[in-house]
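A.B. asks: just the structure for this:
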Amino acid sequence: MSASVLSPIRPLASVSGLLQVASLLSLVLLLIKAAQLYLHRQWLLKALQQFPCPPSHWLFGHSKEFQKNELQQILKRVEKFPNACPRWLWGTSAQFVVYDPDYMKVILGRSDPKAKGSYNLAAPWIGYGLLLLNGQPWFQHRRMLTPAFHYDILKPYVGLVADSVRVMLDKWQQLSGPNPFEIFEPISYMTLDSIMKCAFSHQGSVQTDGNSKSYIQAIDDIKNLFVARLRNAFHQNDIIYRLTPEGRKFHQACQVAHEHTDGVIRQRKAHLQKEGELEKISKKRHLDFLDILLRARMENGDSLSDADVRAEVDTFMFEGHDTTASGISWILYALATHPEHQQRCREELQGLLGDGASLSWGHLDQMPYTTMCIKEALRIYPPVPGISRELSKPVTFPDGRSLPEGIFVALSIYGLHHNPNVWPNPEVFDPSRFAPGAARHSHAFLPFSGGSRNCIGKQFAMNEMKVAVALTLLRFELAPDPSRVPVPNAKVVLRSQNGIHLRLTKLQ
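C.D. replies: Below you'll find the predicted structure:
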């Protein structure tokens, strides 16, 4: 047979050989990856061996039981395993869940970074602002933004928040009567309205212009998709996730949220430039959050980049409205289900404020019983149920047990607040726990986290809660809907699986 006839066979043989080499290489890489995962699992087993936990599946970990109701599963662990308990997300990934105040104090007293695995997945949404930054960049941003929360800045906000609350209550007055209605969504609009007025000097009302509905819905979608992604081992890779329907929906929702915040920044810049204020902001007596961002200088003298500004605005826009909306909604629910405490708060507020028309900064520290009830509601229903850290160095706890560097620590605020070793009868609503002089561990109550990375806006949030609760109780009597008892659910902030429905009766 001639060489010309045999020649086509040789390229085919070469391709076949290349395929065999590629297959062999893929198999070797797969085996190397499997070995890495196996060794990492063995390392985790050894690292967590001092801390018992319920049996877990070698591949799925504890994921199946946590699909039922995450918060209820945490409470079961709180009862059975003192201090802390490992939670296996899947075979080669685990969290160390903490719900003891001594353990909390140790972790929050350190400078460990936020856990990359979970927090970095939020970066496409809120960027690298205060929530996600670590190390020196975080310190610089925190120091730069702290003046925005000085009490001289917060004082004028009380009137702005009160205006937003009254707009909401006027709408509620038309809905009041025998039929209960869901309160979380309108409260979300109210808190967004407040944050837009206070932090970004927004003119008009988010609650009446109707242009923010898409933003509220986008934030809802983002939170649901974010939580679902955390629980799916196959969605951790960014490239793979972007190719899934869920990843595309997440990306679209982020775009909607970014368009909203970009619009806020754009309008504020245009307003300042129009009035020739951009170079004069630093000389104004009262600065809002966006003023400080636009005039901010880092330690090297450079301005914040546009990406930095948007990250901080996205972060504060979300944290400033959604967590506070959660807090106010659950506080009103707690008071609705405990009418005797509701009435005592109302009597205190009537004696202090009359009809509430003159509510001012000076009144906020003169409502002790109402404040006690707010704090007890935040204990039972913490707006942020948990946070996490990644150990940057080994840690030893007060009981002598220790963990190595690299472990992911989940600080369960919900578990801490419901820990019977910390709070006797934790499910009972008892405001006297927060009576002046009541003794408790320094890290037993952490609705705004603790340590150097505590919530920068906690005073603003507490003020807004006080204003909202005071004005609501002065106008309405609250009652729960017995046919729809809310089911707490951890979705970044504490929500209810079936909404929070209340019956409001206008006071005479």
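A.B. asks: point out where this protein drops to low pLDDT.
C.D. replies: Counting by pLDDT under 70, the chain contains low-confidence ranges at 1-13, 210, 275-287, 297-302.
A.B. asks: rerun that using 80 as the cut-off
C.D. replies: Within the chain, the segments meeting pLDDT under 80 span 1-18, 67-68, 115-118, 203-205, 209-212, 233, 271-287, 295-303.
A.B. asks: ranges for the strands of it?
C.D. replies: Remark: strands assigned in the chain by DSSP state E are 84-90, 93-98, 181-182, 386-390, 395-396, 402-403, 408-412, 476-480, 488-491, 493-496, 501-506.
A.B. asks: next, count neighbours for A461.
C.D. replies: Neighbours of A461 under the rule other CB atoms under 10 Å: 21. The C-beta positions use only the backbone N, C-alpha and C, and glycine is treated the same way.
A.B. asks: what do you get for L37?
C.D. replies: Neighbours around L37, by other CB under 10 Å: 13.
A.B. asks: tell me the contacts of it?
C.D. replies: Going by CB atoms under 8 Å, 6 or more residues apart in numbering, L37 touches G91, T92.
A.B. asks: if we can go back for a sec, figure out which of the strands of the chain is closest to N224.
C.D. replies: Proximity to N224, assessed across the strands of the chain by CB to CB, is greatest for strand 488-491 (6.2 Å).
A.B. asks: picking that back up, got JSON lines for the strands of the chain, with mean neighbour count too?
C.D. replies: Below are the strands of the chain laid out as JSON lines (neighbours: other CB atoms under 10 Å):
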{"stretch": "strand 84-90", "mean neighbour count": "25"}
{"stretch": "strand 93-98", "mean neighbour count": "24"}
{"stretch": "strand 181-182", "mean neighbour count": "17"}
{"stretch": "strand 386-390", "mean neighbour count": "21"}
{"stretch": "strand 395-396", "mean neighbour count": "15"}
{"stretch": "strand 402-403", "mean neighbour count": "16"}
{"stretch": "strand 408-412", "mean neighbour count": "24"}
{"stretch": "strand 476-480", "mean neighbour count": "19"}
{"stretch": "strand 488-491", "mean neighbour count": "18"}
{"stretch": "strand 493-496", "mean neighbour count": "22"}
{"stretch": "strand 501-506", "mean neighbour count": "18"}
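A.B. asks: so V97 makes contact with F408?
C.D. replies: No: using CB atoms under 8 Å, V97 is not in contact with F408; the gap is 9.8 Å.
A.B. asks: quick one: buried residues of stretch 125-138?
C.D. replies: Residues W125, I126, G127, Y128, G129, L130, L131, L132, L133, N134, W138 are the ones in stretch 125-138 that count as buried (16 or more other CB atoms under 10 Å).
A.B. asks: the fifth one contacts M317, doesn't it?
C.D. replies: No: when contacts are counted by CB under 8 Å, G129 is not listed as touching M317 (10.1 Å).
A.B. asks: run through the residues that contact the residue lying closest to F289 once chain neighbours are set aside.
C.D. replies: Using CB to CB, 6 or more residues apart in numbering and skipping the chain neighbours, the partner closest in space to F289 is A199 (3.7 Å). Shown in contact with A199 (CB under 8 Å, 6+ apart): A148, D288, F289, L290, F316, G320.
A.B. asks: number of nearby residues for the closest residue in space to W330 that isn't next to it in sequence?
C.D. replies: The shortest distance from W330 to any non-neighbouring residue, by CB to CB, 6+ apart, is to Y381 (3.5 Å). Y381 is flanked by 23 other residues according to other CB under 10 Å.
A.B. asks: could you tell me the phi and psi values at Y381?
C.D. replies: Reported as degrees, to the nearest 10, the phi and psi values for Y381 are phi -130, psi 70.
A.B. asks: contact partners for it?
C.D. replies: S326, G327, W330, I331, Y333, A334, P488, L494.
A.B. asks: so how far is G437 from the closest residue to the second one other than its chain neighbours?
C.D. replies: Which is G327. Excluding the flanking residues, the one nearest G327 by CB to CB, 6+ apart is P383, at 4.5 Å. According to CB to CB, to the nearest Å, P383 and G437 sit 26 Å apart.
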